[in-house]
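Dropping the sequence and predicted coords here.
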Amino acid sequence: MNIEQPDASVFVYRITYFNAEFEIIAEKIIACYYLMIDDGIILPNDENKIRNELTNNYLNENNVRNKIGLKNYYFQPEAPTKNDKGRFDIKIISQETTFSDTNAFYVIECKRLNGETKLNSEYVLNGIARFTNEMKYPFYNNTAGMIGFVVSMIDIHKNVDFINQLLQNTFTQINTEKTLTKKQIKSNFEYSYCSCHKVGKNTKTIYHLMFDFSHNVTVRQV
């Protein structure tokens, strides 16, 4: 008896579709970042408070959503995980998909960066590694995201190189297939990247946005 095998092109199409959807979401997040910069927002050097400012006063604020055309998604900060293994920094809920499948949501993890080894390591171990550990964070259709809140004046591209060195030389258990690589999402934003990681039998894609708040934080020490 011949058993029909799944068409590999279907899986490729799904990966392409959900990556494209996440890039649309990322573009709106970048637009909110620029609004924060234009508003001259003053921020504490605190990951959770910066995240809350981004989600509560921009991504979920009706006037902003109308201005940038962001109506199909809701951004829930500090959302609990189903397995009670922690909390998602940002859970992205879609009326179109999440309401019919409660597992259908995207996750973004946020971390501060200042160019130093300590926070770069945190970005990897308590950021990227949370996605590559299947017991920690789920991957909706193999796609997720991270936001680096840059709180000191640094060369961001060079710091990404440092993060890549950690992935290649120190934290090899993460099984990185492609280190953080430049990925243009919005034409006027140069600090977007994506990386790929082997998790079980699947290759997972993580999008990375680096937001420079070095001129906005009130205190710059770690």
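Looks like it arrived, so ask away.

Run through the residues that contact the closest residue to residue 167 other than its chain neighbours.
Closest residue in space to residue 167, ignoring its immediate chain neighbours: residue 176 at 4.6 Å, by CB to CB, 6 or more residues apart in numbering. Quick note: C-beta positions are derived from backbone N, CA and C, even for glycine. Contact partners of residue 176, counting by CB atoms under 8 Å, 6 or more residues apart in numbering, are 167, 168, 195, 196, 197, 198.

Secondary structure and neighbour count for these - can I get that in TSV?
Converted to TSV, those look like this (DSSP: H, G, I helix; E, B strand; the rest coil; neighbours: other CB atoms under 10 Å):
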residue	secondary structure	neighbour count
167	helix	20
168	helix	12
195	strand	24
196	strand	16
197	strand	23
198	strand	13
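
which of those lies closest to residue 37?
Proximity of the contacts of residue 176 to residue 37 was ranked by CB to CB; the top entry is residue 195 with 25.2 Å.

That closest one touches residue 206, doesn't it?
Yes. Counting by CB atoms under 8 Å, residue 195 does reach residue 206; the two are 5.1 Å apart.

Next, show the common contact partners of these two.
Common contact partners of residue 195 and residue 206 (CB under 8 Å, 6+ apart): residue 128.

circling back to that earlier point, lowest pLDDT pick from the contacts of residue 176?
Lowest-confidence member of the contacts of residue 176: residue 198, scoring 92 (pLDDT).

which residues touch it?
Per CB under 8 Å, 6+ apart, neighbours of residue 198: 175, 176, 177, 204.

which of these lies closest to residue 215?
The nearest one, if we look at those relative to residue 215 and count by CB to CB, is residue 176, at 31.7 Å.

For beta bridges, what are the partners of the closest one?
Judged by DSSP bridges, the bridge partners of residue 176 are residue 197.

Give me the distance between it and residue 198.
Separation of residue 176 from residue 198 (CB to CB, to the nearest Å): 8 Å.

Work out the gap between stretch 66-83 and the centre of the chain.
How far stretch 66-83 lies from its chain's middle: 13 Å, per CA atoms, centre = their mean, to the nearest Å.

Convert that stretch to PDB, retaining C-alpha atoms only.
Extracted in PDB, the C-alpha atoms of stretch 66-83 (Å, rounded to 0.1, in the frame of the first residue of the first chain):
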ATOM      1  CA  ASN A  66      -4.900  54.200  13.600                       C
ATOM      2  CA  LYS A  67      -2.000  56.300  12.500                       C
ATOM      3  CA  ILE A  68       0.200  53.400  11.400                       C
ATOM      4  CA  GLY A  69      -2.500  51.000  10.300                       C
ATOM      5  CA  LEU A  70      -2.000  48.500  13.100                       C
ATOM      6  CA  LYS A  71      -5.500  47.000  13.800                       C
ATOM      7  CA  ASN A  72      -5.200  43.200  13.400                       C
ATOM      8  CA  TYR A  73      -2.900  42.400  16.400                       C
ATOM      9  CA  TYR A  74      -2.900  43.000  20.100                       C
ATOM     10  CA  PHE A  75       0.400  43.000  22.100                       C
ATOM     11  CA  GLN A  76       0.100  41.500  25.600                       C
ATOM     12  CA  PRO A  77       3.100  42.300  27.900                       C
ATOM     13  CA  GLU A  78       4.200  39.800  30.600                       C
ATOM     14  CA  ALA A  79       1.800  37.200  29.400                       C
ATOM     15  CA  PRO A  80       1.900  33.900  31.400                       C
ATOM     16  CA  THR A  81       3.000  30.700  29.600                       C
ATOM     17  CA  LYS A  82       0.600  27.700  29.600                       C
ATOM     18  CA  ASN A  83       3.300  25.400  31.100                       C
END
